[in-house]
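Participant: this one's sequence-less:
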């Protein structure tokens, strides 16, 4: 449910941002302002009015559009597909909240504010760029390009090690020292992890196998110094607090199959294509940068 709400919030934000540009998801039903009850009887079951406020109505079709968008997204990303009736109610609630806020904003004259129009231009520019990149890049994300990216990924991962670790995170350094003292005396790491972990809630502090190369530098250095069965003698400090690690096992990194990593590969290839496209556009535009010269003149 938390995942659903996060995506609904994201969709709601997208709707709010894009609505002024053309009302992709929302259309104000002005024809329904007179006699809502009569119109509801005339509307088909598939496009019935499911909610209303003031002189605005919300039809089933526009809620179904967002529901279908989410369900397709969930299937594409191998996420758990929620029960449609529950998702429908969540989307309807988000839709109502968005429309109520939008109406209040109009009543307050925000749509006539200079700041609104300035930011609207920024949103239009952003949408223009996104649609251009989508048009230019999507067609070039081919199967051969993805397989080439997978080959490079496999070659890089094959040189890496995977480390299975357990983890304890506490907020106070004094507490970390106390825990390390108990570990030095033979206390069970998993038991202490369940007892002391302030944020991480993995059972026994078990983080599973993680490729060492992708870990933050201080953590990676501390972990790679350990042998299986050993724990860190000094806590590793981060913004979250103080970390204590125990290495359970070290093995050669497992290269994911092409199918398992396909979604990640799409993003990798898209990024590579975008960088190449931007570099080409800059070269074609004969860009000249004068900021360095201006900065030198001010010195």
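Facilitator: Received it, and whenever you're ready, just let me know what you need. Bear in mind the structure is a predicted one, so any value in this text is a computation, not a measurement.
Participant: scan the protein for its longest strand.
Facilitator: Secondary structure of the chain per DSSP state E: the longest strand is strand 241-252.
Participant: mind listing residues that contact that strand?
Facilitator: Applying Cβ atoms under 8 Å, 6 or more residues apart in numbering, the contact partners of strand 241-252 are 158, 160-173, 175-176, 179-180, 183, 189, 198-199, 205-206, 209, 219, 222-223, 226-232, 235-237. Every C-beta, even on glycine, is put in place using the N, C-alpha and C of the backbone.
Participant: from what I see, residue 182 and residue 192 are in contact.
Facilitator: Yes. If you go by Cβ atoms under 8 Å, residue 182 and residue 192 touch, sitting 6.3 Å apart.
Participant: how about the following helix or strand past the longest strand of the chain: buried residues?
Facilitator: Next along the chain after strand 241-252, taking DSSP states H and E as the criterion, comes helix 262-284. Across helix 262-284, burial judged by 16 or more other Cβ atoms under 10 Å covers 265, 268-270, 272-273.
Participant: for burial, what's the neighbour tally of residue 133?
Facilitator: 15 (other Cβ atoms under 10 Å).
Participant: swap that for residue 251, please
Facilitator: Neighbours of residue 251 under the rule other Cβ under 10 Å: 11.
Participant: pairing partners for it in the sheet, please.
Facilitator: Bridge pairing for residue 251 (DSSP bridges) gives the partners residue 162.
Participant: tell me which of the contacts of strand 241-252 fall in helices.
Facilitator: Among the contacts of strand 241-252, the members falling in helices (DSSP state H) are 173, 175-176, 179-180, 183, 189, 219, 222-223.
Participant: of all the residues you listed, which comes closest to residue 65?
Facilitator: Closest approach between the ones in helices among the contacts of strand 241-252 and residue 65, by Cβ to Cβ: residue 219, at 44.1 Å.
Participant: so the closest one sits against residue 235, correct?
Facilitator: No. The pair residue 219 / residue 235 is not scored as a contact, 11.0 Å apart, by Cβ under 8 Å.
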